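>>> model the structure of this input:
(2 chains)
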Amino acid sequence: MPTEGLTFSQDGTTATLQMTNVPIIDQPRWPAMDAETTPASMDFKLVFKATSEPVKYEDPLRQFRFEGFKANAQLEATFRVPSIDFTFKTDPLETSKCDFAVIGTEVNGKYYEAPKS
Amino acid sequence: MQFTLDPKLAKDMLVSQHHNQRGSNLDRRHLLKLGVASVVAASLPGLRLKAQSCAPPIPANHGLSNGGSCPYPIPWLDKNGNHNQSPAPNVELSNIFHFKGKLARCNGFHGMGTDNKGNRFAWGNPTTDYSYMAGEYWAGRQARQGIFTHT
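Predicted structure coming up:
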């Protein structure tokens, strides 16, 4: 994706991911193996705001380390399924909630160095 | 990402872009690529979806071949047929292996919305998840820069 789709506040504590007319699929019977799909599209705006609570998730065996902060994330979106003349628009961003969100940095795979014990 | 309307309501809808779905004619690596391409297409007004090829090019005249630019999947998720797992504490949050950079993930959205007939529905479920990964990844024997999203 191009850089303009993802923006950060000056202090780095807020990130905004915003896209328009993203091609997606409407797949009501997912995850059934034979679930049929219908072309659809969506616009969305997602805002992550870091809290002051730090988090660090690391697993040397699986070679990853995430360091950052718990966050609040809110979303507004519009979905369109033209073939069935269906459109759904969420209420404004501020009215949404999410159960889990984190924001930070990660290293994994060849970029990971295990802590020296 | 998936959006489900309240299952108690008569009209259900699931809009999803699953990179880990099975039974598709597209393999999982292609789906990841397609997902990336869809985001690229989405940001350009009037541009329709076109899959960006990250497959290794076939060299002409006995040229070198070091692989394509496709991001490498998380090995222990890939072997189970998945490209990602639901975000939670102490799990691998990235969808890309050999990655370093900025990352954020979230899931479990809850909200309300309105359809084009004026009906009010709840949206979101525990697997309504989003992410971005912005930074450096290693593929085709070289470091590459990219911004990816899982929607």
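
>>> mind listing what the residue of chain A found nearest chain B touches?
Closest contact between chain A and chain B, by C-beta to the nearest C-beta, is at A:Asp99 (2.9 Å). C-beta: built from backbone N, CA, C; applies to glycine. Applying C-beta atoms under 8 Å, 6 or more residues apart in numbering or on different chains to A:Asp99 gives the contacts B:107-110, B:126.

>>> tell me which residues of the strand or helix carrying it are tucked away?
Here A:Asp99, judged by DSSP states H and E, is contained in strand A:97-108. Residues A:98-104, A:106-108 are the ones in strand A:97-108 that count as buried (16 or more other C-beta atoms under 10 Å in any protein chain shown).

>>> so in that sheet, which strands flank that strand, and in what orientation?
strand A:64-81 (antiparallel), strand B:99-115 (antiparallel) (DSSP bridges).

>>> for the next helix or strand after the shortest one, packing partners?
Once strand B:99-115 ends, the next helix or strand along the chain (criterion: DSSP H and E) is strand B:120-123. Using 3 or more C-beta pairs under 8 Å, 6 or more residues apart in numbering or on different chains; DSSP states H and E as the contact criterion, the elements in contact with strand B:120-123 are strand A:86-90, strand B:99-115.

>>> so the longest one versus strand A:86-90, what angle?
Between the axis of strand B:99-115 and that of strand A:86-90 there is an angle of 110 degrees, by axes from the mean of the first three to the mean of the last three C-alpha atoms, to 10 degrees.

>>> with just CA atoms, put stretch A:33-52 into CSV.
Only the C-alpha atoms of stretch A:33-52 are listed here, as CSV (Å, rounded to 0.1, in the frame of the first residue of the first chain):
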residue,chain,number,x,y,z
MET,A,33,-15.0,-25.0,2.5
ASP,A,34,-17.6,-24.4,-0.3
ALA,A,35,-18.6,-20.9,0.8
GLU,A,36,-19.5,-18.9,-2.2
THR,A,37,-18.3,-15.3,-2.6
THR,A,38,-19.7,-12.1,-4.1
PRO,A,39,-17.6,-9.1,-5.0
ALA,A,40,-17.9,-6.2,-2.7
SER,A,41,-16.0,-3.1,-1.7
MET,A,42,-15.4,-1.1,1.4
ASP,A,43,-14.1,2.3,2.6
PHE,A,44,-12.7,2.4,6.1
LYS,A,45,-10.9,4.6,8.6
LEU,A,46,-9.1,3.0,11.5
VAL,A,47,-7.4,5.0,14.3
PHE,A,48,-5.0,3.5,16.8
LYS,A,49,-4.2,5.6,19.9
ALA,A,50,-1.5,4.3,22.2
THR,A,51,-2.1,4.2,26.0
SER,A,52,0.6,4.6,28.5
